[in-house]
Structures are given as structure tokens and as C-alpha cells.
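Engineer: would you be able to build a 3D model of this:
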Amino acid sequence: MMLKVSLPVEKANAAIKDGSLVTKIQSILADLKPEAAYFTEFDGKRTGLIFFEMKDTSEMPAVAEPWFLAFDAAVEFKAVMNGDDLERARPGIEKAVKSFG
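Structural biologist: Predicted coordinates:
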């Protein structure tokens with residue numbers, strides 16, 4: 001799963017000024033244990049792209065709430081595949097080609 005987290009400028013600026021931004025992000029990531037986390041800018045906001053394993057959609061609140069509460073962040077979940085997942089998808093791709101190709 002990919003989580004896109006966008007921090008509102010004012011809230012993130014306040015967290016930078018009070019020294020809590022990095023500590024809060026590290027704490028959230030320590031609980032989530034992502035495969036990878038990257039930070040950039042999207043639409044003028046500080047944004048994180050976080051890749052992690054989600055076994056069930058019931059985990060969504062536990063993943064999103066820390067970001068909402070700590071930063072008033074906007075979050076988006078996107079299903080993504082790694083190379084192994086793509087290989088396991090081959091039969092479905094081949095079936096679609098036969099049916100619709």
C-alpha cells in the first residue's frame with residue numbers, strides 16, 4: 001500500500017518552529033514500520049509517500065489517525081504492487097489479454 005500524506009503549511013510550519021515535526025513523523029513511522037518512506041512537495045505542501053504492508057482495510061484508521069491528529073494532514077491510500085506482486089498478477093493479465101486483447 002502507498003500512503004500519501006500532505007501536511008497543511010501552517011500546521012507543519014508550527015511543528016517545525018516548535019521542534020516537533022521530525023519527532024512526530026519518526027514516532028508515527030516507528031509504529032507503522034514502512035518498507036520505505038520518501039518526503040517531497042506536492043501542490044505546495046510537505047508530503048510523504050510511505051510504502052507499507054496492509055493486510056486488511058480495517059487497518060486504515062490506525063494508519064491515518066496519527067497523521068490527522070498530529071498534523072491535520074490529508075491522507076490518501078493507494079494499492080500498489082512490487083515486482084513479486086506483478087509476477088503473481090501474470091495469470092490475470094494473460095486472461096484479460098485472451099478475453100479482451
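
Engineer: so where's the longest helix in the protein?
Structural biologist: In the chain, ranked by residue count with DSSP state H as the criterion, the top helix is helix 83-100.

Engineer: helices of the chain, start to end?
Structural biologist: 9-17, 21-32, 60-71, 83-100.

Engineer: tell me which of the ones you listed sits nearest to residue 3.
Structural biologist: helix 60-71 (6.3 Å; C-beta to C-beta). Yep, even glycine has a C-beta here, placed from its N, CA and C like the rest.

Engineer: what helices or strands is the closest one leaning on?
Structural biologist: Counting contacts by 3 or more C-beta pairs under 8 Å, 6 or more residues apart in numbering; DSSP states H and E, helix 60-71 packs against strand 2-7, helix 9-17, helix 21-32, strand 74-78.

Engineer: among those, show me which one is buried the most.
Structural biologist: strand 2-7 (a mean of 20; mean count of other C-beta atoms under 10 Å).

Engineer: let me see the mean pLDDT of that strand.
Structural biologist: Averaged over strand 2-7, pLDDT sits at 98.
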